[in-house]
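# Test case, fold it:
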Amino acid sequence: HSRLDDRTRTYRMEASTTHWKLQMDHLVTAYLDYRLPDPGDGMPPSTKTSAGVVTEESSGLSLVNMELVDLFSCWQETLVPRAHHIYPNETLI
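The predicted model follows:
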């Protein structure tokens, strides 16, 4: 038994856009924090750590066994948000 979705595409897009707008300032800050230690060679700094490591910045919420991919490798890691992160998307940056 399926429920008929009476929301319009416009309504769904507006709701999605609203949710992203709420996060945008936090995502920009997380990206700038990530790029801050830029080594100057145009490549982002290496941030690989051992899987499952919990830092003092941990708020208790983590993204467990995330598969991370960059241009040269693929690995699994538990991502722990910084204390000031509000949204899981900030941790993904």
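
# Could you check how far the spatially closest residue to Ser62 that is not a sequence neighbour is from Phe72?
Closest residue in space to Ser62, ignoring its immediate chain neighbours: Val80 at 4.6 Å, by CB to CB, 6 or more residues apart in numbering. The C-beta positions use only the backbone N, C-alpha and C, and glycine is treated the same way. With distances taken as CB to CB, to the nearest Å, Val80 is found 24 Å from Phe72.

# the more surrounded of the two?
Neighbours around Val80 and Phe72, counted as other CB atoms under 10 Å, are more numerous at Val80. The numbers are 21 against 5.

# My guess is that one contacts Pro88. True?
No. Counting by CB atoms under 8 Å, Val80 stays clear of Pro88, with 11.3 Å between them.

# and the longest helix for the protein?
Criterion DSSP state H: the longest helix present in the chain is helix 9-35.

# Please point out which parts of it sit buried.
In terms of neighbour count (16 or more other CB atoms under 10 Å), helix 9-35 has its buried residues at His26, Ala30.

# Distance from the chain centre to stretch 4-12, please.
Mean-position distance between stretch 4-12 and its chain equals 27 Å (CA atoms, centre = their mean, to the nearest Å).
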